[in-house]
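**Q** predicted model and sequence follow; I will ask about them next.
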Amino acid sequence: MLSYRELITLQLHLLFTKVANQQKAKSQSCNILQKHSVLIGANACRIKVEKAAKTEADKEKRRQYIERVAKNRIRNELKARGVLARRQERERKKKVQELETANSFVPFELREAIPDPEKDTTDADIELQLQETLISTQQCKQYDALIAALDLAL
């Protein structure tokens with residue numbers, strides 16, 4: 001049998017662990033509305049609405065950031081391809097001119113101009129590429145949302 005002292009010690013230890021677990025649960029909750037003062041029901045509703053609006057604004061800001069980064073990446077890739085095409089076109093022109101000054105045969109492949117993709121691309125083409133990029137990167141997120149919606153329906 002346990003002595004009275006051991007029994008009190010065990011109860012005290014259980015009480016300390018219970019209080020510690022409650023404090024951990026409180027600090028890990030992400031739905032804390034207010035700390036260190038009295039919370040009134042009307043204020044709680046107002047704070048919830050404000051937090052929801054803030055999270056929506058943050059999501060929208062993040063979405064705009066992702067779109068801007070993807071659009072800039074597309075433009076930079078297009079610019080790099082344009083620089084490469086212009087360099088190749090200059091080299092082609094030099095080669096054609098050298099062959100013509102030497103009165104040599106100029107191959108038909110060298111007579112065709114190398115198009116500049118940067119000049120041929122319109123804003124609509126960039127937007128289309130942007131939508132394709134966003135769809136491919138967010139496809140798994142949409143799939144997860146669809147699965148979650150189906151689970152809620154069941």
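**A** Perfect, I can see it now.

**Q** grab the nearest non-local neighbour of residue 117.
**A** Excluding the flanking residues, the one nearest residue 117 by Cβ to Cβ, 6 or more residues apart in numbering is residue 81, at 4.9 Å. The C-beta positions use only the backbone N, C-alpha and C, and glycine is treated the same way.

**Q** what's around the one you found, how many residues?
**A** Under the neighbour criterion other Cβ atoms under 10 Å, residue 81 is assigned a count of 14.

**Q** and it, what element?
**A** Using DSSP states H and E, residue 81 sits in helix 41-101.

**Q** shaky segments in the protein?
**A** Of all residues in the chain, those with pLDDT under 70 make up the ranges 1-2, 26-36, 138-154.

**Q** picking that back up, just checking, what packs against the helix holding residue 81?
**A** Contacts defined by 3 or more Cβ pairs under 8 Å, 6 or more residues apart in numbering; DSSP states H and E place helix 41-101 against helix 108-111, helix 117-120, helix 123-153.

**Q** from the chain's centre, how far out does the first one sit?
**A** In this view, helix 108-111 has its centroid 45 Å away from the chain centroid, taken as Cα atoms, centre = their mean, to the nearest Å.

**Q** now do the second one
**A** Averaged C-alpha coordinates place helix 117-120 at 28 Å from its chain's average position (Cα atoms, centre = their mean).

**Q** just stretch 101-109 next, same as before
**A** Centroid separation between stretch 101-109 and its chain, computed with Cα atoms, centre = their mean, is 52 Å.

**Q** measure it end to end?
**A** Stretch 101-109 has an end-to-end distance of 18 Å (criterion: Cα to Cα, to the nearest Å).

**Q** pick out the residue nearest the middle of the chain.
**A** Nearest to the geometric centre of the chain sits residue 66, at 5.0 Å (Cα atoms, centre = their mean).

**Q** chain neighbours aside, what residue packs nearest to that one?
**A** Distances taken as Cβ to Cβ, 6+ apart put residue 134 closest to residue 66, at 7.4 Å, once the chain neighbours are dropped.

**Q** list the residues that contact that neighbour.
**A** If you count contacts by Cβ atoms under 8 Å, 6 or more residues apart in numbering, residue 134 has them with 66, 67, 70.
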